Each structure stands twice: as C-alpha cells, then as structure tokens.
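Participant: Can you look at this prediction? I've put the sequence above it.
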Amino acid sequence: MGTFIQWFQRKGAYFDAESVGIIGFPPSEGGRGAVALRDIPDGHTLFSIPRALTISTRTCSLPTKFGLEAWRKAQLHQGWVGLILCLMWETAAGSSSKWAGYLDILPNRFDTPMFWTEYDLLELKGTSVVEKLGKLDAQADYNEKLIPAVKSRPDLFLPEHLSIHYTLERYHIMGSRILSRSFIVEKWNEDEDGNEAANTSLGSAMDVEPSCNEETPSVPMETEDNSDDNDDDDDDDDEEASDVAMVPMADILNARYQTENAKLFHEKDELKMVTTKPIKTGEQIWNTYGDLPNAELLRRYGHVDFLSLPSGGHGNPGDVVEIKADLIISAVSSTPEAVKDDEAKERIDWWLEEGGEDVFILDYEYDLPPVMISFVKLLLLTQADWEKAREKSKPPKSRLEGILYDILISTLEKRLAEYPTTIETDKALLTNDTPLNNKNAIIVRLGEKEILHGILQKLKVLKEAEGRSSAGVSTKRKGGASGPTKVKRIRR
Ligand SMILES: C[S@@+](CC[C@H](N)C(=O)[O-])C[C@H]1O[C@@H](n2cnc3c(N)ncnc32)[C@H](O)[C@@H]1O
C-alpha cells in the first residue's frame, strides 16, 4: 500500500498519514480497509482527491482520441460500457497510464455471484439475486458495442492486446470494479448566487455529498447500466454515464450497516473524504452504501452484513423480501372469489397504468405494505365496485379483512416454498465450516425467510383475532395517511 499512497500524493492528492492507516482484515471482513491511527474529530479531512485524478469518461482521454461523435455512434456514451473500455485501455497502457499506480491495486477477483459457478448459484434459489445479475446483458454489450469499437481502431487498441486486455472476462472484472467501487461525481455547478450546488446521489456504490458546508438534501439515483433505455434519453444517459467515476483512495473504505463515519464531499476542484463522527484510535473508518439488504450487498459487493438483530438472532436489519404481483395473482386465482382471467387482466393493466407496483417489498417491520393489500382487494372487487374504482382512479382501501388473510397467508407460504431449504436447515448449515460464497448465500436467504416467517406469524394472529371479534383489522400505513393508496413502481 505504501507505493499506492506515494503515487496518490505524487499526483497532487492529500492523505493524512498521521490519522489514517490502511490495513488488512480477514477476507470475510472485507480484506483491505482503513483504520484511525489516532482519535479523529468529526469534520476532519482524511484525504482529498483532485477531480482530475478520478477516472471517468470525462477525465480519460480515450473518448476524445476515439472521436466524440464516433464514441456516441458506437453507443459508448450509454451505461458503463464506455467507462469499462476506458479502464481496459488505461490498463493496456501499463506504466504509461496516468492511473497506473491505482489500477495496480484494484482487485482482479470478486466474490460477487457474477463469478459464481452454476452450482453455487443454486444456493441463491428463491432470492432475487440471480435474475438481477445481468450477465447476459453485459455479454451483449461486450459483443455488440465494445468489440466492434475496439476492432474499428487498431491504432488505439493494439490487435495483440485483444486477447489480453479486451476479453469478456476482463469486461466482467472491470464492470465489477465499477459496480463495487464507483461513485457518482457530478459536474461542478455554480448556482445563480455563486453558491456551491452539487447534487448528491446514491450511485452504483457510494454516496458523494455536496460540499461539507452545505445542507442540501440527498437525491438518490439509480445508475446501473441503462443500455436498454430508448434513445430519446440520449442526453440524460450521456450525463449520467459520464458522472460514474472511479475515485482512488475513496474506494478503500469498507461498509457496514449503520456504521458510516466518513463521507465523500464534492468541492469545486476536489473530492474530500471527511469524518461525520468522531472516530477513536483503532476503529475502522466506514463509508457505507446506504444500508442495503444482503441480497443487494452480495450482488454488488460480494459480502453480507450479519449483525445482531433487534428482534433477536443475527442478520441484516436492512433486509427485505420481494413478492412479485404474479404470486398474488396466482394465490387469488385459486379462490372461489376470483374473477375471470380476462377481467383480472383488465384490472392489473389498470393498476400498472396508474403507477401501481408489480413487486412488493416486505421488511423486518413485519407490516404488509398497504399497496399489497390494496392490490389483492382490487382482484376481488365486485364488477360494480371495480368500475367505481376505475372511474374515480382510486385503488381499494388497504383494510385487512375476511378472505384477504387466507390469500395473503397462501401467498407468503408459496413465497417461502420457493427456497429449497427451511429456516432450521439454514441455521444448522451456518454452524458448519462452510465456504464463504455458500455461507453468504445462506445468510441472504435466511434473512428473507425470517421476514416472511415473522409476517406469516403476525397474519395468523391477526386472522385469529378477527375471527374472535369479527371486526376488520387495519395494518399500519407506512406513509401515515389513511384512505386510498396511490403507489409508485419501484425501480429494480
Ligand atoms: C469499496 S471496496 C472497499 C475496499 C476493499 N476492501 C479493498 O480491499 O480494496 C468494497 C469491497 O470491499 C469489500 N467489503 C466492504 N465492506 C465489507 C464488509 N463489511 N464485509 C466484507 N467485505 C466488505 C467487498 O469485497 C466490497 O466489494
């Protein structure tokens, strides 16, 4: 690491070597990470990086050399393919690359499921991780965009480098480096009053905050590969893709649920990693990626959080389970109250047109999302009530009653059955000496099943109570408001 720190300082970056030490942790704890070498107060700058030292399609000279028009024509301006090509090209340049000292320390091996065998992936059955890997989309971008671009310019991409630096395997490695380590670094804007007005985003990986003197609220933004987006959004895609940047040193910090004690802030000419809490000597310095559930942590970064839960046991308090609307539709269709298929389809189309969700998210609060109850009710409305709902543009109220209990219980039981193992089996497996990928997969699916199990228990108690009192029980509304539910499709 000494060589990297020297390279970093030589390039005009600042590193507080008296406060920050970079050390090795066990692989299960993230490998490399940073610790406090002394008591560090809140608001202290640990290191700062000139904007020109970040790697993006804006700072790398390749797009200009390739020709900006040709770059767009080759569709390298959308998604991550352009930045991947820049990283490959800079790596192929070896020691003559401006970023050689940084590229040398980036990982070439990942524990993310993208690199797992089919056999290991079976352990994730039931979770949404596998269907979100995007391996085929990445492969299509590689074949249809990157390779034609590379072959079109043998003066820039030496033919003898093709089988070394521009392979599909290297493409996946560069993509994984971006997925697990990049930041969103927006262009610096001066607002009309001359104040700093940088936006902050939850990007592919970590937050970059506005200047630490500012109080601008953060605006989350999904920045994953949008290569399928239609071309009308060209300018937006262009903007977004060129904001994705690799930030030397900032990506050395590990992450853990609700432990963040340092954040990266935008300044005009540089980015600064600043403490957001006092940090004691020997404590780890964390830059946490928005407290993601384990399924997302594993998919993007290759690790999981396994902490004490408030409800007892261990897991990630930020865990969630996804319930696809299809599963509810299938549970409703097997009840005598189900409407005919074509009527159900009409209602579902209307729901989606109104912005309704097609996936419902459950978490450790053990409350059913009101929109999920509303969706079930929509499928059960009488023809007259359905017509009224459509006319008023109002989905049904999320009151839990009668047949809804059975449908929701059946839905959650079907969802639980999608995992090949039980909670008890997973807990027993975790006491064995299991390889890391396997262990991480067990932790992901166990957390999801615990949530399902907790909500099922609660539903059964509520159903029994309703049976006793014959009175409807309303679930807690997340937004606090009561009445009809307007919903927003989640981004996946
Ligand atoms: C931004 S990098 C952090 C630096 C990295 N540890 C390194 O050696 O360069 C993110 C990667 O670190 C690892 N990591 C971060 N936090 C972790 C944690 N709490 N447990 C295990 N691995 C972690 C994961 O491999 C993740 O993809």
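Facilitator: Looks like it arrived, so ask away.
Participant: Every contact and neighbour count from this point should use C-alpha atoms.
Facilitator: Noted.
Participant: Residue numbers of the stretch 101-250 of the chain in contact with the ligand?
Facilitator: S180, R181 (CA under 6 Å from any ligand atom).
Participant: what ranges of the stretch 101-250 of the chain fall below the confidence cut-off?
Facilitator: 190-239 (pLDDT under 70).
Participant: which stretches of it form helices?
Facilitator: 118-121, 135-141, 147-152, 162-165, 168-181, 234-243 (DSSP state H, counting those that start in this stretch).
Participant: now these as CSV including mean neighbour count?
Facilitator: Output for the helices of the stretch 101-250 of the chain, formatted as CSV (neighbours: other CA atoms under 10 Å):
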stretch, mean neighbour count
helix 118-121, 12
helix 135-141, 15
helix 147-152, 16
helix 162-165, 14
helix 168-181, 21
helix 234-243, 18
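Participant: And the strands in the stretch 151-300 of the chain?
Facilitator: 182-184, 201-202, 207-209, 244-246, 262-266, 270-275, 284-285 (DSSP state E, counting those that start in this stretch).
Participant: Mean neighbour count for the ones you listed - can I get that in TSV?
Facilitator: Output for the strands of the stretch 151-300 of the chain, formatted as TSV (neighbours: other CA under 10 Å):
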stretch	mean neighbour count
strand 182-184	26
strand 201-202	21
strand 207-209	25
strand 244-246	26
strand 262-266	26
strand 270-275	22
strand 284-285	24
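Participant: wait, what's in contact with S374?
Facilitator: Applying CA atoms under 8 Å, 6 or more residues apart in numbering to S374 gives the contacts P395, P396, K397, S398, R399, T485.
Participant: Tell me the secondary structure of it, please.
Facilitator: Using DSSP: H, G, I helix; E, B strand; the rest coil as the criterion, the local structure at S374 reads helix.
Participant: That one - nearest residue in space that isn't next to it in sequence?
Facilitator: S398 (4.7 Å; CA to CA, 6 or more residues apart in numbering).
Participant: pLDDT at the one you found, what is it?
Facilitator: pLDDT for S398: 85.
Participant: That one against L378, yeah?
Facilitator: No: judged on CA atoms under 8 Å, S398 makes no contact with L378 at a distance of 10.0 Å.
Participant: Show me the protein divided up by domain.
Facilitator: Using automatic domain parsing, the domain ranges for the chain come out as 2-297, 320-470.
Participant: For the protein, which residue gets nearest to the ligand?
Facilitator: When distances are taken as CA to the nearest ligand atom, the chain reaches nearest to the ligand at G30, 3.0 Å away.
Participant: Number of residues surrounding that residue?
Facilitator: 16 (other CA atoms under 10 Å).
Participant: Mind listing the residues bridging to the closest residue to it other than its chain neighbours?
Facilitator: Spatially, and ignoring its direct neighbours in sequence, G30 is nearest to N254 (6.5 Å; CA to CA, 6+ apart). N254 has these beta-bridge partners by DSSP bridges: W286.
Participant: N254 against Y289, yeah?
Facilitator: No: applying CA under 8 Å, one finds N254 not in contact with Y289, separated by 9.2 Å.
Participant: Make CSV out of the strands of the stretch 151-300 of the chain and add distance to W7.
Facilitator: Below are the strands of the stretch 151-300 of the chain laid out as CSV (distance: least, CA to CA, whole Å):
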stretch, distance to W7
strand 182-184, 20
strand 201-202, 28
strand 207-209, 23
strand 244-246, 16
strand 262-266, 20
strand 270-275, 17
strand 284-285, 21
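Participant: longest single helix anywhere in the protein?
Facilitator: helix 436-469 (DSSP state H).
Participant: With adjacent residues omitted, what lies nearest to V359?
Facilitator: Residue nearest to V359 in three dimensions, not counting chain neighbours: K324, with 4.4 Å by CA to CA, 6+ apart.
Participant: and the one you found, how many residues sit next to it?
Facilitator: What K324 shows, counting by other CA under 10 Å, is a neighbour count of 16.
Participant: about what we covered before: phi and psi next, for the residue of the chain closest to the ligand.
Facilitator: Dihedral pair for G30: phi 110, psi 0, per degrees, to the nearest 10.
Participant: Okay, it and K439: tell me how far apart.
Facilitator: 15 Å (CA to CA, to the nearest Å).
Participant: Also K324?
Facilitator: 26 Å.
Participant: Tell me how many other residues crowd M372.
Facilitator: 25.
Participant: wouldn't it be in contact with L362 here?
Facilitator: No: applying CA under 8 Å, one finds M372 not in contact with L362, separated by 9.8 Å.
Participant: Mind putting the helices of the stretch 101-250 of the chain into a markdown table with distance to Y102?
Facilitator: Converted to a markdown table, the helices of the stretch 101-250 of the chain look like this (distance: least, CA to CA, whole Å):
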| stretch | distance to Y102 |
| --- | --- |
| helix 118-121 | 32 |
| helix 135-141 | 24 |
| helix 147-152 | 23 |
| helix 162-165 | 17 |
| helix 168-181 | 12 |
| helix 234-243 | 19 |
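Participant: With adjacent residues omitted, what lies nearest to the residue sitting nearest the centre point of the chain?
Facilitator: Of all residues in the chain, the one closest to the mean position by CA atoms, centre = their mean is E296, 5.3 Å from it. Ranked by CA to CA, 6+ apart and with sequence neighbours excluded, the top spatial neighbour of E296 is V129, at 7.3 Å.
Participant: got it, and G175?
Facilitator: Of all residues not flanking G175 in the chain, I84 sits nearest, at 6.3 Å (CA to CA, 6+ apart).
Participant: again, but for I5
Facilitator: Nearest to I5 is F15, by CA to CA, 6+ apart, at 7.7 Å.
Participant: in terms of contact, does that neighbour touch S48 like I think?
Facilitator: Yes: using CA under 8 Å, F15 makes contact with S48 at a distance of 6.7 Å.
Participant: between those two, which one's more packed in?
Facilitator: Between F15 and S48, S48 has the larger neighbour count (other CA under 10 Å), namely 25 against 19.
Participant: Spit out the contact partners of the more buried one.
Facilitator: A13, Y14, F15, E270, L271, K272, M273.
Participant: Is the fourth one bridged to anything, and to what?
Facilitator: When bridges are called by DSSP bridges, E270 pairs up with P50.
Participant: wait, isn't it in contact with R51?
Facilitator: Yes: applying CA under 8 Å as the test, E270 and R51 come out as touching, 4.8 Å apart.
Participant: about what we covered before: who touches the residue nearest to E296 in this structure?
Facilitator: V129 neighbours (CA under 8 Å, 6+ apart): A295, E296, R299.
Participant: Is it possible to get CSV of these that adds pLDDT and distance to F25?
Facilitator: What follows is the contacts of V129, written out as CSV (pLDDT from 0 to 100; distance: CA to CA, whole Å):
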residue, pLDDT, distance to F25
A295, 97, 23
E296, 95, 22
R299, 95, 21
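Participant: Give me the subset of the contacts of S374 lying in strands.
Facilitator: When DSSP state E defines the strands, the subset of the contacts of S374 inside them is R399.
Participant: Show me which pair in the contacts of S374 is furthest apart.
Facilitator: Longest distance between any two of the contacts of S374 is 11.8 Å, between P395 and R399; criterion CA to CA.
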